[in-house]
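Participant: test case, fold it:
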Amino acid sequence: MSKSMNNTIGLLEPSEAVWEKLRTAATCEHRQRRSDPGHPEHCNIFTMHQAFSKPDQIAFVDHNCRTAGFGCIDCKKILFENMMKELEPIQRRVREMNDKPQYIVDVLRAGALRCKSIAEQVMDEVRGRIGIKSAWQ
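Facilitator: Numbers count the residues shown, from 1 in each chain. The predicted model follows:
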């Protein structure tokens with residue numbers, strides 16, 4: 001997947017868009033037909049499995065790719081399910097935050113107040129040490 005080719009998968013993309021990008025994504029170049037054994041180490045999709053799938057699923061995909069036990073679409077379906085399990089909580093949280101925009105503003109304001117208090121204390125100490133404290137008071 002490549003940003004320059006406009007086929008990256010965004011965290012907030014709908015599942016239909018994620019599936020379409022996975023469905024059309026390049027796989028192992030050695031696998032021209034479903035009956036050809038694959039080489040997962042050369043497959044972009046298998047690399048993503050290592051980030052999103054559980055170890056037993058990775059081993060299952062590896063074995064079935066190498067033995068032509070299933071096709072690339074089957075592999076992509078497993079990856080898609082695992083990706084959506086990771087993305088759905090993120091998407092749900094974003095929807096919740098979008099439903100309460102004032103909450104975000106309040107959190108940012110509270111954080112800014114805390115930071116300002118800390119920064120003022122540090123800057124008072126810095127000014128005192130370099131002998132210019134009275135200029136800012």
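
Participant: just the helices in the protein please.
Facilitator: 15-23, 44-52, 55-66, 72-99, 101-130 (DSSP state H).

Participant: can you put those helices in TSV and add distance to residue 30 and mean neighbour count?
Facilitator: C-beta here means a position set from N, CA and C on the backbone, and glycine is covered the same way. Formatted as TSV, those follow (distance: least, Cβ to Cβ, whole Å; neighbours: other Cβ atoms under 10 Å):
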stretch	distance to residue 30	mean neighbour count
helix 15-23	20	15
helix 44-52	12	17
helix 55-66	10	16
helix 72-99	11	14
helix 101-130	49	10
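
Participant: can I get those in CSV with distance to residue 29 and mean pLDDT?
Facilitator: Shown next, in CSV, are these (distance: least, Cβ to Cβ, whole Å; pLDDT from 0 to 100):
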stretch, distance to residue 29, mean pLDDT
helix 15-23, 17, 95
helix 44-52, 10, 95
helix 55-66, 13, 96
helix 72-99, 11, 96
helix 101-130, 46, 93
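
Participant: in TSV, list those helices along with distance to residue 35.
Facilitator: TSV is the format used below for the helices of the chain (distance: least, Cβ to Cβ, whole Å):
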stretch	distance to residue 35
helix 15-23	20
helix 44-52	18
helix 55-66	12
helix 72-99	12
helix 101-130	53
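
Participant: so which of the ones you listed is nearest residue 32?
Facilitator: Closest of the helices of the chain to residue 32 is helix 72-99, at 10.7 Å (criterion: Cβ to Cβ).

Participant: what's the angle from that closest one to helix 44-52?
Facilitator: 50 degrees (axes from the mean of the first three to the mean of the last three Cα atoms, to 10 degrees).
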